[in-house]
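Participant: The sequence and its predicted three-dimensional model are supplied below.
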Amino acid sequence: MDYIEFIKKENLCVKIHYNNKVRLITNKKNIEKLISICEKYGYERIDSSCYLEDFIKEIIRDYEKYYQRKKNSLKIYNLVYDGVNLIRNHPKISKTIMAMGTLTALAVVNPFGGKDIESPAIEYEVSNESINIKKESSNIIEKTSDNTTKEEIDTMLNEDVSEFNFTYDNKNIDNLQRVKEYQDIFIKYANMYGLDYNLLMAIASQESGGYHYDLLNTPAIGMMQIERSAFINREITAYNHEDGKDETFLVTDLALNDLESNIKIGAMLLQIALEASDYNIPLGVQTYNFGTGYINDALNMCASLTGVPKEKMKNNMEELEWLDYREFLNVGDPKYVEHVFSFLPNNEKITVKNRAGQEISLRVCNEIEKMRNI
């Protein structure tokens, strides 16, 4: 049976049951957009603890259009980006002017628009634990959320997890299968350094495609693509959660060439990048690719042009203005976060730990994968 389920406890979330698949929506803006679409089809009020069974195909169709416009917006961004690439080496054009020009162009031609993204605020009225939904000229079958276990709902609704939504069609997803051949090693060092092993494997999938021994005579070495010139004969220090203290490791040619040591070094460097980013996971992942110096350049440029304080961007994983300034640095992979995250289990949270053992989580949502599953 196809239906949309609204569940309200401390937060509101939505489950779309369609074509024998279930999609969970927890992002507030996406929920509000879905609510506005439901209201379009005659529902006077959308609240919680209920199901919508009428007009399900029409609602899903409109929701797909919503994401299609989002994809079109991204295409326009890429067109502007390609245009900027043609002039980026011109000696008389500063990077700051280029950044301002790109953002101005996006504001002018973006068909998606802020009003289309953010639907009007919706008021939720709770009466005990059950809410009625009214619809003109039709009866709505009220149900409880008994199809979902109480434990599942409690886990889902009691979590306050930031979301990272992006759009990227990964053509190299097979890389992950090669990396998974060494999953036990990734789990070992992820646990040791307070990382999510899926995140560590996703980085390896993007960096080397799961190949290690074919990449020993290149500037970046092995599975985790460690830059030899930057780290050879250098000591790196990370916090070992199993020992409860800092651990220092000397990076040598022998260590870089050894598969397990290469993964260990990559795990230590990822923790160092996360710590430098105040455990902002998207920022830490991009730092793994850029290095702290260049990522600070992106943050500083963004802060100067948008007025968003640098510390606010670091302390809030949903402050993502800095993403638009990566391509102006002419280093690394300006879409590294999206490329890495596209190897993660979609719409599931990843969790890392800081030195105090506190868990920091992020839910990663690739909109292309969502649309495939809807």
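Facilitator: Right, received. Where do you want to start?
Participant: mind checking the SS state of Ile185?
Facilitator: Following DSSP: H, G, I helix; E, B strand; the rest coil, the label given to Ile185 is helix.
Participant: Let the chain start at 846 from now.
Facilitator: Let's use 846 as the start, then, which means that last one is Ile1030.
Participant: Thought Glu1105 was touching it, still the case?
Facilitator: Yes. Ile1030 lies in contact with Glu1105 (Cβ atoms under 8 Å); the separation is 5.5 Å. Every C-beta, even on glycine, is put in place using the N, C-alpha and C of the backbone.
Participant: Compare the two and say which is more crowded by neighbours.
Facilitator: Ile1030 (21 against 15; other Cβ atoms under 10 Å).
Participant: residue contacts, that one?
Facilitator: With contact taken as Cβ atoms under 8 Å, 6 or more residues apart in numbering, Ile1030 is in contact with 1104-1105, 1108.
Participant: Then Ile901?
Facilitator: Shown in contact with Ile901 (Cβ under 8 Å, 6+ apart): 847-849, 863.
Participant: Can you pull the phi/psi pair for the residue nearest the centre of the chain?
Facilitator: Closest residue to the average C-alpha location of the chain: Phe1009 at 3.2 Å, with Cα atoms, centre = their mean. In terms of degrees, to the nearest 10, the main-chain angles of Phe1009 are phi -120, psi 110.
Participant: on that earlier part again, out of the contacts of Ile901, which are buried?
Facilitator: The neighbour-count criterion (16 or more other Cβ atoms under 10 Å) marks 848-849, 863 among these as buried.
Participant: Among the contacts of Ile1030, which lie within strands?
Facilitator: Cross-referencing those against strands under DSSP state E gives no overlap.
Participant: Closest one to Leu1150 out of the buried ones among the contacts of Ile901, please.
Facilitator: Using Cβ to Cβ, Ile849 comes nearest to Leu1150 of these, at 40.2 Å.
Participant: Chain neighbours aside, what residue packs nearest to the closest one?
Facilitator: Counting by Cβ to Cβ, 6 or more residues apart in numbering, the nearest residue to Ile849 once its immediate chain neighbours are dropped is Leu897, at 4.4 Å.
Participant: what's the neighbour count on that neighbour?
Facilitator: 22.
Participant: ok, it touching Ile882?
Facilitator: No. Judged on Cβ under 8 Å, Leu897 makes no contact with Ile882 at a distance of 10.6 Å.
Participant: Find residues that contact each of those two.
Facilitator: Shared contacts of Leu897 and Ile882 (Cβ under 8 Å, 6+ apart): Ile904.
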